[in-house]
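[1] Okay, predicted coordinates and the sequence, questions at the end:
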Amino acid sequence: MQLLSDNQLVQLYVNGNDACFEVLLKRHQKRVFTAIFMLVKDEELANDLFQDTFIKVIDSLRTKKYAESGKFILWVLQIARNLCMDHFRSNKKMRILHSTEERDIFARLDLKESSNESILIQHQTLEQIKGLLHYLPADQKEVVLMRLYGNLSFEEIATLTESNINTCLGRMRYALKNLRKQIEEKKISL
C-alpha cells in the first residue's frame with residue numbers, strides 16, 4: 001500500500017479499506033502537525049488541532065465531501081489551517097486570565113480593543129489592495145492569491161501551476177513591484 005498515491009488510498013478508504021487511511025495518516029502526519037505547530041506555537045494545542053483535523057478529514061471522506069483534485073495533502077493542510085484560524089477567532093473573543101498572588105490581572109489587563117475606526121481603515125486598505133490585484137497580469141495575480149490567500153508554499157504553487165519554483169518567485173517579485181507602483185500611482189496610503 002505504501003506505493004499507492006494519495007488519491008488511490010483515498011478511493012480505497014472511501015470504498016471501505018480502513019487500513020488505507022492509516023497509510024495516509026503516517027505519510028502526512030509530520031507535515032500536518034508541523035504546519036499546525038508553526039501557527040499555534042503550543043504542542044498540546046497543536047496535538048488537539050491535529051486530531052480535530054483528521055477527524056474532519058475522516059468525516060469529509062466518509063460523507064464524500066472530498067472533491068478529488070489530485071492534491072490531498074493541500075486539502076488536509078487547508079482544513080488544518082482553517083481549524084487553527086477558528087481557534088484563534090474563538091480565543092480572541094474569550095480570553096481567560098487568572099489572578100495569582102504575584103500578579104493581579106486587573107492591574108495588567110489590556111482592555112484596549114481596536115477602535116471601530118482603525119478596523120474600518122484596515123478593512124478599506126485591504127479592499128483597495130485587493131482591487132489592485134486586477135491590474136496584475138494573470139500569472140502574477142495567480143501566484144499572489146495562492147501565496148497570500150491560499151497560504152501555499154512556493155513549492156506547492158510551482159506544482160499547481162506546473163512551473164518551476166524560480167518562475168513562481170519571480171512572478172511574486174514582479175507582482176509586488178507592480179502593486180507598489182499602483183499604490184504610488186493611485187496615492188493609496190497604507
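    Sure thing, it's come through. All figures in this text were calculated on a predicted structure; none of them were measured in a lab. Numbering: from 1, shown residues only.
[2] and the next element down the chain from the helix or strand of the chain with the lowest mean pLDDT?
    For the chain, counting by mean pLDDT, DSSP states H and E, helix 105-108 ranks last in confidence among helices and strands (a mean of 45). Helices and strands here follow DSSP states H and E; after helix 105-108, the next one along the chain is helix 116-132.
[3] tell me the domain ranges of the chain?
    Taking automatic domain parsing as the reference, the chain has its domains at 6-93, 118-185.
[4] got the contact list for Val40?
    Contacts for Val40 (C-beta atoms under 8 Å, 6 or more residues apart in numbering) come out as Ala46, Leu49, Cys84, His87. C-betas here are computed from N, CA, C, even on glycine.
[5] give me that answer again for 6 Å
    By C-beta atoms under 6 Å, 6 or more residues apart in numbering, the contact list for Val40 reads Ala46, Cys84.
[6] And Asn164, by the same measure?
    Asn164 sits next to Ala158 when contact means C-beta under 6 Å, 6+ apart.
[7] Quick check: the gap between it and Gly170.
    With distances taken as C-beta to C-beta, to the nearest Å, Asn164 is found 10 Å from Gly170.
[8] now swap in Leu3 and tell me
    Counting by C-beta to C-beta, the gap from Leu3 to Gly170 is 35 Å.
[9] Between the two, which has more neighbouring residues?
    Gly170 (15 against 6; other C-beta atoms under 10 Å).
[10] Using the three-state scheme, assign the more buried one.
    Here Gly170 is recorded as helix under DSSP: H, G, I helix; E, B strand; the rest coil.
[11] any idea which helix or strand carries the spatially closest residue to Val14 that is not a sequence neighbour?
    Distances taken as C-beta to C-beta, 6 or more residues apart in numbering put Leu61 closest to Val14, at 5.8 Å, once the chain neighbours are dropped. Using DSSP H and E, the secondary-structure element containing Leu61 is helix 43-62.
[12] CA-only coordinates of that helix in CSV, if you can.
    Output in CSV follows, covering the C-alpha atoms of helix 43-62 (Å, rounded to 0.1, in the frame of the first residue of the first chain):
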residue,chain,number,x,y,z
GLU,A,43,2.5,21.5,21.4
GLU,A,44,-0.6,20.5,23.4
LEU,A,45,-2.9,22.7,21.3
ALA,A,46,-1.2,21.5,18.1
ASN,A,47,-1.9,17.9,19.1
ASP,A,48,-5.6,18.8,19.7
LEU,A,49,-5.9,20.6,16.4
PHE,A,50,-4.1,17.8,14.6
GLN,A,51,-6.6,15.3,15.9
ASP,A,52,-9.5,17.6,15.0
THR,A,53,-8.1,18.0,11.5
PHE,A,54,-8.0,14.2,10.9
ILE,A,55,-11.5,13.8,12.4
LYS,A,56,-12.8,16.3,10.0
VAL,A,57,-10.9,14.6,7.1
ILE,A,58,-12.4,11.3,8.0
ASP,A,59,-15.9,12.8,8.2
SER,A,60,-15.5,14.5,4.9
LEU,A,61,-14.2,11.4,3.2
ARG,A,62,-17.0,9.2,4.6
